[in-house]
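# Sequence first, then the predicted structure, then my questions.
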Amino acid sequence: MKRGFKAAMLALVLGLCSSFALSACSAGSKPAPDPDAGLRRQVMHASWAKGYASVEELMADTDFAGLIEVTGVVRVENSGAHLSEGSMAMPATVFSARVLDAAAGGQTELEIYMTGERTDEEVFELADDPLMASGEKWFIFARQNDNGTHTILTGPCGRFAYDEAQQRLTQLMIAVDQETGAVNAKAKVNADEIPNGAIPPMTLAEMKDKIAEAQAK
């Protein structure tokens with residue numbers, strides 16, 4: 001189901017915050033060294049127009065679901081736009097990725113469109129949807145845009161941190177530290193600590209089983 005990325009599912013909330021990104025080891029999702037170490041971090045807070053409370057709901061809007069590895073940056077659009085007074089444009093980065101394990105969709109490579117950009121001096125990103133970086137592995141649910149790129153569904157809803165050692169997936173809205181942008185793929189949460197509307201952590205095999213069940217309906 002192709003849709004233009006300009007018809008985004010998020011509305012950016014007014015208010016720009018700035019901080020310095022902390023160097024952090026994030027177990028399975030962020031490579032070492034941290035690509036954001038020492039960079040000034042500017043964030044925008046987003047109000048997502050649609051949420052997904054289950055794998056079945058994600059699959060209803062998904063063109064691709066699977067484990068990917070980020071391989072680089074294809075291009076940056078509207079670079080520095082957030083610095084222009086009165087500008088409504090936002091910078092965006094298109095990442096390249098190779099597919100490691102496709103659960104839905106037959107792609108072997110993807111281009112993934114994300115709000116934000118990383119420069120030599122700063123990283124600008126959504127607080128709850130930090131930019132990816134080369135070498136990171138993620139499990140994503142994404143829709144294809146009219147220009148052939150893919151957008152991850154509602155950012156932190158459709159992206160799962162991958163703990164390769166444990167073959168475990170943790171939804172980004174659980175794994176991310178919004179203050180620093182650090183992601184902890186080994187985050188341990190009790191059932192009563194899972195945010196409302198979040199999908200509980202599960203193994204890669206369990207995720208693929210849930211996707212297969214959704215496809216069978």
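Structure received. None of the values given here were measured: they were computed from a predicted structure.

# hey, where'd the strands end up in this protein?
Counting by DSSP state E, the chain forms strands over residues 10-20, 40-48, 64-77, 92-104, 109-118, 122-126, 137-144, 150-152, 159-163, 168-171, 202-203, given from the N-terminal end onward.

# Ok, which of those strands comes nearest residue 194?
strand 168-171 (8.8 Å; CB to CB). Heads up, the C-betas are built off the backbone N, CA and C, glycines and all.

# what does the closest one rub up against?
Taking CB atoms under 8 Å, 6 or more residues apart in numbering as the criterion, the residues outside strand 168-171 that touch it are 139, 156-157, 159-163, 184-187, 198-199, 201-204, 207.

# partners of it in the sheet?
strand 159-163 (antiparallel), strand 202-203 (antiparallel) (DSSP bridges).

# Now do the first one, average pLDDT.
Same thing as strand 159-163. Averaging pLDDT along strand 159-163 gives 97.

# cool, and stretch 71-79?
Across stretch 71-79, the per-residue pLDDT values average to 94.

# which outside residues touch that stretch?
Around stretch 71-79, the neighbours that count as contacts under CB under 8 Å, 6+ apart are 89-98, 111, 117, 119, 134.

# Scan these and report the most crowded one.
By neighbour count, taken as other CB atoms under 10 Å, the most surrounded of those turns out to be residue 97 (26 neighbours).

# measure that one to residue 131 for me?
Look at residue 97 and residue 131: by CB to CB, to the nearest Å, they are 13 Å apart.

# Please go through this structure and pick out the longest helix.
The helix of greatest length in the chain, counted in residues with DSSP state H as the criterion, is given as helix 204-216.

# Report pLDDT for residue 91.
According to the model, residue 91 scores 92 on pLDDT.

# same check, this time on residue 55
If you check residue 55, the pLDDT there is 97.

# cool, residue 186 as well?
Model confidence at residue 186 (pLDDT) stands at 85.

# burial measure for it, as a count.
Around residue 186 sit 16 other residues, with neighbours defined as other CB under 10 Å.

# separation between it and residue 124?
Separation of residue 186 from residue 124 (CB to CB) stands at 27 Å.
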